[in-house]
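Enquirer: I would like to see how this sequence folds:
(4 chains)
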2 protein chains.
Amino acid sequence: MDDVSGEGPSGSLPRAVALLRALATSGGEGMRLTNAAATAGVTPASAHRLLRMLIDEGLVEQDVRNKHYRLGIELFSLAARAGSPGNLRDVCRPALLRLSAALGDTAFLLVRSGYDAVCLDRCEGPVPIRSFTGDIGGKVILGVGQGSMAILAHLPEAEREEVIRFNLPRLLNFGPFDEVFFRKGIEQVRESGYAARGSGLLPGMAGVAVPILDREGRPLAAISIGTTVERLNAERMPTVVQVLRREADALAAKINPFDAALRRPGQHAVSY
Amino acid sequence: MDDVSGEGPSGSLPRAVALLRALATSGGEGMRLTNAAATAGVTPASAHRLLRMLIDEGLVEQDVRNKHYRLGIELFSLAARAGSPGNLRDVCRPALLRLSAALGDTAFLLVRSGYDAVCLDRCEGPVPIRSFTGDIGGKVILGVGQGSMAILAHLPEAEREEVIRFNLPRLLNFGPFDEVFFRKGIEQVRESGYAARGSGLLPGMAGVAVPILDREGRPLAAISIGTTVERLNAERMPTVVQVLRREADALAAKINPFDAALRRPGQHAVSY
DNA sequence: CATGTATTTGCGTATATTGGAATATGGCAT
DNA sequence: ATGCCATATTCCAATATACGCAAATACATG
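Expert: Just a heads-up that it's a prediction; the model follows:
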C-alpha cells in the first residue's frame, strides 16, 4: 500500500513518513511494530529504530500496556498550523459560522490536495449528518461529494482531465460508476457554478457546494453545506445556493485583493 | 529556539522535524530557506535538501513566486487521525456540541502534551471569543487558561511538581507571575474540582473547566467553556460548573469502562 | 547596469543507517 | 506454574547516504 522497499538505504526520512502513514491508517487503535513495519515496507528493526526517533520527537506515542504505536499529539499540534496560503481556514471560519447558523446545517471548507480533497474546517449544525470527508483533515477522492466535485469541475481543463483519468479507477470502488454520467455531472457543475446532489451515495444525505475562485478562475477551495434530503428540498435550494455563493464571493475578494497586480504575466497562481 | 546543531550528521530525521517546527512558527505566510535553516539550526544546504525531500512527501509546500516554504496539507491530513487513545475527540464531540448549544458559549477539549496543553477540539458558540489555545491544535503552557489549569492541578504530585518547575520560567513571559499565588490557584482548583477565572490575562474573557479523570484519578483531558465576563456571572457559574461536570463524568465513564480490570496492578495508565 | 544576497548544485569524507542474526520480553495454552 | 511461540529489541559490520564546505547560479535591490 505504502511501500518504500527498494533495496538499500533509501534515506530515513521516506521510511519514517511511510511509517507515519501506516500508523494513520490504524485510527486511534494504534498498530503493533510488525504490522506497521509490514505496511510501510520496512524491516522490523528499522521500524523499531525509526519509531523510537519519532517518539523522541513526539510525533508518535506508544501505549505502554499493549505496545501499540499511534500518531502523537505533537503531530496534531504541528499540523494545525499547516494549510493553504494565508491562513485560509482562519479567513473562512467566520463564513462557515454564519452559514451554519443561518441555514441550521453543517458547513464545510474543502481544499484540493493532489488527486483528493481534504476537509480543512467544519462547522456543525444541530442536525447530525454523515459526510465523505468525515472529520477535519478527512480526505475524499476529487469528484466524490459536493465540495470535492465543485473543486474538480472548476479546475483548468488539462488538470481536470489528468485528475479524472487518475481517479476513474479509484471511483469504481464507490459502486457502479459510469464515466459518461460522471463527466456529464462535472459539466453541469461547471456550467451552473455549484454542485448539488441529494440521495447520492450516502442515503438520506444531501449537500450543496460552491467553489472559491481566484482571479484567474482557478478553484482555491470550496465551501459546502451538508444536510438531509428532507431539509434540502427544491424550494429551499435556490436560497441556499445564493447564500453560499455570496459568502464564496466575499471570501474570494478577501483572499486575493490585489494579486492580479502582484502576479507576473504568464505565471500561474500558486504551487500545488 | 529549536536548534539541533551538534556537529556532524546527527540523523536526518531530527533535522527534518526541526525544519517542520520552524515552518510551523511562521504561520500561513511561510518562510524563506535561510530563515528556516537558521531557526532550525541547520546549514542552508542541508535545509534545502531536506525541504526538497519533505516536499516530495507532501509534508511541505513551496510557493513558486516568492519561494516561501510552508507546511503542506498532507501533514494536516496525516495528523487528523492522530490523537489520544480511543479517538478521544470523536467520543467527546457530542458532549462539546451539547455544551456549546446548551450554554451558548464556545466549548473546548484539551489534552496534555508534555509541558503544554493542546486544543484537541473546539465547538464555537455564537459569541466570538479569544482564547489562549486559539484554534484546534493550538498549544498553551500547562497552567495558563482554565482547561490547561484543570489538567495541571489534577496531575499526580510528582508530575505536577516537575511541570511547575519547568513552566515557572516560561510563565514569566505572560506578565507578573507570582509563584505562591500560582500554587495557591492550583490548590484551589484541585480542591474544588474545577478551574474558573474571569478578567484574567485576556481582558473581558472568562472560562470554566473541569478535568476528565480516569479510574486512578489521572487527568486524561479537560473540557472547558470560554465566554465573556458578563456572560459568566456569579449567578450562572454554579449551573455551568454542574453541566460541565456532568458531561465530564459521562465521558469518563464512556472512555474507561472496564479498564480497572484490564490494567495490571501497580501499572499506571497510559504512555505519556 | 552593477552589486550584494539568497538559493541551488558538486564533491569528498565520515557517519548514520541498514538488514540480518542473536537475544530478551511477553502472551498463551497446556 | 511451566513451557513454548511470536513479537519486540539489541548488536554488528558493510555501505550507501547525508553532511559541510565551496563554487556557481538565480534573484532582488540600489
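
Enquirer: please make it C-alpha for all contacts and neighbour counts, starting now.
Expert: Fine.

Enquirer: so residue A:107: helix, strand or coil?
Expert: What DSSP: H, G, I helix; E, B strand; the rest coil gives for residue A:107 is strand.

Enquirer: check contacts around it.
Expert: Residue A:107 is in contact with A:96, A:97, A:99, A:100, A:122, A:123, A:124, A:125, A:223, A:224, A:225, A:226, counting by Cα atoms under 8 Å, 6 or more residues apart in numbering or on different chains.

Enquirer: which strands or helices does the helix ranked longest in chain A pack on?
Expert: If you go by DSSP state H, chain A has its longest helix at helix A:237-255. Counting contacts by 3 or more Cα pairs under 8 Å, 6 or more residues apart in numbering or on different chains; DSSP states H and E, helix A:237-255 packs against helix A:88-103, strand A:205-213, strand A:219-228.

Enquirer: next, format these as a markdown table and append mean pLDDT.
Expert: A markdown table is the format used below for the helices and strands packed on helix A:237-255 (pLDDT from 0 to 100):
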| stretch | mean pLDDT |
| --- | --- |
| helix A:88-103 | 90 |
| strand A:205-213 | 95 |
| strand A:219-228 | 94 |
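
Enquirer: out of those, nearest to residue A:236?
Expert: Residue A:236 sits nearest to helix A:88-103 of all those, at 10.0 Å, using Cα to Cα.

Enquirer: what sits closest to residue A:147 if chain neighbours are left out?
Expert: residue A:209 (4.9 Å; Cα to Cα, 6 or more residues apart in numbering or on different chains).

Enquirer: measure that neighbour to residue A:131 for me?
Expert: Distance of residue A:209 to residue A:131, computed by Cα to Cα, to the nearest Å: 13 Å.

Enquirer: which one's more surrounded, these two?
Expert: residue A:209 (32 against 19; other Cα atoms under 10 Å in any protein chain shown).

Enquirer: can you count the residues close to residue A:185?
Expert: 17.

Enquirer: am I right that it is in a helix?
Expert: Yes: assessed by three-state DSSP, residue A:185 belongs to a helix.

Enquirer: distance of it relative to DNA strand C?
Expert: Here residue A:185 is placed at a distance of 40 Å from DNA strand C (Cα to the nearest atom of the strand, to the nearest Å).

Enquirer: tell me who's in contact with the nearest residue to residue A:208 once chain neighbours are set aside.
Expert: Ranked by Cα to Cα, 6+ apart and with sequence neighbours excluded, the top spatial neighbour of residue A:208 is residue A:196, at 4.4 Å. Residue A:196 sits next to A:146, A:206, A:207, A:208, A:209 when contact means Cα under 8 Å, 6+ apart.

Enquirer: how about the helices and strands packed on helix A:237-255 in JSON lines, adding distance to residue B:90?
Expert: JSON lines is the format used below for the helices and strands packed on helix A:237-255 (distance: least, Cα to Cα, whole Å):
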{"stretch": "helix A:88-103", "distance to residue B:90": "20"}
{"stretch": "strand A:205-213", "distance to residue B:90": "20"}
{"stretch": "strand A:219-228", "distance to residue B:90": "19"}
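
Enquirer: so for residue A:113, which of these sits nearest?
Expert: When the helices and strands packed on helix A:237-255 are compared (using Cα to Cα), the closest one is strand A:219-228, at 10.3 Å.

Enquirer: other SSEs contacting that closest one?
Expert: strand A:106-113, helix A:146-153, strand A:205-213, helix A:237-255.

Enquirer: between helix A:237-255 and it, find me the angle.
Expert: Comparing the axes of strand A:219-228 and helix A:237-255 via axes from the mean of the first three to the mean of the last three Cα atoms, to 10 degrees yields an angle of 150 degrees.

Enquirer: pull up the pairing partners for strand A:219-228, direction included.
Expert: Paired neighbours of strand A:219-228 in the sheet (DSSP bridges): strand A:106-113 (antiparallel), strand A:205-213 (antiparallel).

Enquirer: out of these, which gets nearest to residue B:68?
Expert: For the strands paired with strand A:219-228, proximity to residue B:68 was assessed by Cα to Cα; strand A:106-113 is nearest, at 18.3 Å.

Enquirer: between helix A:146-153 and the closest one, find me the angle.
Expert: Going by the same axes, to 10 degrees, strand A:106-113 is angled at 30 degrees with respect to helix A:146-153.

Enquirer: any idea how far strand A:106-113 is from the chain center?
Expert: Relative to its parent chain, strand A:106-113 has a centroid offset of 6 Å by Cα atoms, centre = their mean, to the nearest Å.

Enquirer: that one: what's the following helix or strand?
Expert: strand A:116-123 (DSSP states H and E).

Enquirer: relative orientation of that next one and helix A:146-153 in degrees?
Expert: Using the same axes, to 10 degrees: strand A:116-123 against helix A:146-153 is 140 degrees.

Enquirer: for strand A:116-123, what is the distance to the chain centroid?
Expert: That offset, for strand A:116-123, works out to 5 Å (Cα atoms, centre = their mean).

Enquirer: now it against helix A:88-103, angle please.
Expert: Using the same axes, to 10 degrees: strand A:116-123 against helix A:88-103 is 60 degrees.

Enquirer: list the contacts of strand A:116-123.
Expert: With contact meaning Cα under 8 Å, 6+ apart, strand A:116-123 is reached by A:83, A:89, A:93, A:96-97, A:100, A:106-112, A:133-142, A:148, B:73, B:77, B:123.

Enquirer: rewinding a little: the residue nearest to residue A:147 reaches residue A:244, doesn't it?
Expert: Yes: taking Cα atoms under 8 Å as the definition, residue A:209 is a contact partner of residue A:244 at 7.4 Å.

Enquirer: count of residues packed around the residue of chain A found nearest DNA strand D?
Expert: When distances are taken as Cα to the nearest atom of the strand, chain A reaches nearest to DNA strand D at residue A:11, 2.8 Å away. Close neighbours of residue A:11, defined as other Cα under 10 Å, add up to 11.

Enquirer: ok, so what distance separates it from chain B?
Expert: Taking Cα to the nearest Cα, to the nearest Å as the criterion, residue A:11 is separated from chain B by 8 Å.

Enquirer: equivalent analysis for residue A:233, please.
Expert: Going from residue A:233 to chain B by Cα to the nearest Cα gives 26 Å.

Enquirer: ok, now residue A:167?
Expert: 18 Å.

Enquirer: quick check, that residue in a helix?
Expert: Yes: assignment of residue A:167 by three-state DSSP places it within a helix.

Enquirer: show the pLDDT at it.
Expert: pLDDT recorded at residue A:167 is 95.
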